[in-house]
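**Q** Sequence first, predicted coordinates after that:
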Amino acid sequence: MTSSPPRELLRAIFDAAVASAQPERCIGPHLPRPGRGRTIVIGAGKAAAAMARAVEAQFPGPLAGLVVTRYGHAVACDRIEIVEAGHPVPDGAGLAAAERMLRLVRGLRADDLVLCLLSGGGSALLPLPAPGLTLAHKQALYRALLASGASIREMNCVRRHCSAIKGGRLAAACHPARVVTLAISDVPGDDPLDIASGPTVADPTTCGDALAVLRRHRIPIAPEVAGVLERGTGESIKPGDPRLAATEYHLIATPQAALDAAARAAHARGMPAHILGNAIEGEARELGTAMAGIALQVARRRQPFPPPCVLLSGGETTVTAPGPGRGGRNVEFLLALGIALREHPGIVAIAGDTDGVDGTEPIAGAYLDPSSLARARALGRMPHDDLARHDAHTFFAALGDSLITGPTHTNVNDFRAILVLDESHDFAMSLAQQA
C-alpha cells in the first residue's frame, strides 16, 4: 500500500487525469490525411491553441488557419494564428475572430479540407450574434444564463439559437469543403451539440426549445432576443442538410477517459479507485452533501466499497444565483462536502476544473481535509456563511488550500476525488493527529 501523503496522492491522480487529455497526446491518431486542395485550420476553446500546436507538429502537409482561445491560454504556433478573447462572458475580440473565421472558410472547394478544433469554452469565444442581435445582447444573455442554474445542455440550446456561427452554421459556411472536427469534450454525455454549442453539427433542437429553457428558469432577456426566438429567425442547421454531408466528428479526449487515467494512477500507487460517474450534474452544494453521504457510508459501513479507496467523479455542476463572493462550482462543491462530513478524521478530497479555471478565477479548485473547517474558524471564517455567500475561493485561499495549476491547455470538465481511509491506515492516523 502506498505511503504517499494524502494530498500528494490526490494531486497525482488529478495530474494524471489532466495529462491524459493533453492535445499532443490525443490528436495524432485522429488527424485526417491531407486533401488535394488547401487545408484550413479553425477552432475555438480553452484548449484550441494547444490543439493547433499539436496539429502543426503532427499534420503531414501544408496548412494555415485561425483559432481563438481564452485570455492567458495561448501557445506559440507558426502557421495557425492564435487569437485570445473573453470567457465566460464574450467580448469584442471573440466577435472579431468569429467574423474573420467565417470569411476564411467562404469560397472553399470540394477538394479543400477544413480541420476544426473544438474544446470547452468555445461557445463564449465565438459570440457572433444572430441577425438582429448585438454583442451587448449576447453578453447580457450569457450573464443571465450563467446565474440561472440552467444545465450546460440548456444553456447551449439557447446559445445556438441566438448565434450566426453555432448550431452547424460554421460547417455550412465551409460547404462544399470536407470538414473534420476534432473535439475535446467538457460536457456530460459528450454530445457534439454541446461542445462549443455545436458549430459543425446538425441541431435537432428549435427556437421553441430555447424559449422553453428561458421560461423554465425565468431568465430575463431583451425584447430583441425574444423576437429572434419567437419568429424563428434564429433557427439552426437541421439534420439532413446537404451542406453538412461532407463532415466528420471525432472525440479525441473525454471526461471518462480522464477518470480512467486517474483510476490507473491511483491503482499504481496501491490505492483502489472507484468511478461513480463521468456526467454528474446538479447544484454544486447539493452534490457536495450527497457525496459526503456516500463517503461516510464507505468509512462507517464499508459500503458500497471497503476503505481505503478513492471515489472519483466528473461532470458539470451548477451554481444558481451566485452572490457577491468569489465562487466556483468545484470549490462550492468542496465546501459543502466539508460541512456535511463534519470533520470526519479519515476523509480527504480534491475538486477542480481540468482547465485550471473554476468559475472566473485563475484557480482550478482546492483541497479539503479533516482540519479545514476548524482551521477556518480559527481564522474567523464561518464555513456556512461562506457557502451562503458563494465565497468558497476566499475560504480555501485563507487556508492556503487552493489548487492552482495555471492554464492546463485542455478541458475535460470537473474532476472530483474523495479519499476515504481505513482507521488503521497510517494516512488516517496522521490526519487524526493533524485535526
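**A** Done, it's in. As the structure is a computational prediction, the values presented were derived from the model and not from experiment.
**Q** Residue 210 contacts residue 235, correct?
**A** No - counting by Cβ atoms under 8 Å, residue 210 does not reach residue 235; the two are 9.8 Å apart. Quick note: C-beta positions are derived from backbone N, CA and C, even for glycine.
**Q** Identify the contacts common to these two.
**A** residue 161 (Cβ atoms under 8 Å, 6 or more residues apart in numbering).
**Q** Please identify which of these two sits among more neighbours.
**A** Ranked by neighbour count (other Cβ atoms under 10 Å), residue 210 and residue 235 place residue 210 first, with 26 against 19.
**Q** quick one: secondary structure of that one?
**A** helix (DSSP: H, G, I helix; E, B strand; the rest coil).
**Q** residues touching it, list them.
**A** By Cβ under 8 Å, 6+ apart, the contact list for residue 210 reads 157, 158, 160, 161, 162, 229, 234.
**Q** What strand or helix carries residue 42?
**A** strand 39-44 (DSSP states H and E).
**Q** ok, back up a step: export the contacts of residue 210 as CSV, with columns for neighbour count.
**A** Below are the contacts of residue 210 laid out as CSV (neighbours: other Cβ atoms under 10 Å):
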residue, neighbour count
157, 27
158, 30
160, 30
161, 28
162, 27
229, 24
234, 25
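**Q** Alpha carbons only: can I get stretch 317-337 in CSV?
**A** Presented in CSV, the C-alpha positions along stretch 317-337 are these (Å, rounded to 0.1, in the frame of the first residue of the first chain):
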residue,chain,number,x,y,z
THR,A,317,-22.5,21.1,-11.7
THR,A,318,-24.2,24.5,-11.5
VAL,A,319,-24.3,27.4,-9.0
THR,A,320,-27.6,29.2,-9.1
ALA,A,321,-27.7,32.9,-8.5
PRO,A,322,-24.1,33.4,-7.4
GLY,A,323,-23.7,36.0,-4.8
PRO,A,324,-21.0,38.7,-4.2
GLY,A,325,-18.4,36.2,-3.1
ARG,A,326,-15.5,34.6,-5.1
GLY,A,327,-17.1,31.3,-6.0
GLY,A,328,-16.8,28.5,-8.4
ARG,A,329,-18.7,25.2,-8.8
ASN,A,330,-15.8,23.0,-7.7
VAL,A,331,-14.9,24.9,-4.6
GLU,A,332,-18.6,25.3,-3.7
PHE,A,333,-19.0,21.5,-4.0
LEU,A,334,-15.9,21.0,-1.8
LEU,A,335,-17.0,23.4,0.9
ALA,A,336,-20.5,21.8,1.1
LEU,A,337,-18.8,18.4,1.2
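**Q** List the buried residues of it.
**A** 317-319, 322, 325-337 (16 or more other Cβ atoms under 10 Å).
**Q** repeat for stretch 376-389
**A** In stretch 376-389, counting by 16+ other Cβ under 10 Å, buried: 376, 381, 383, 386, 387, 389.
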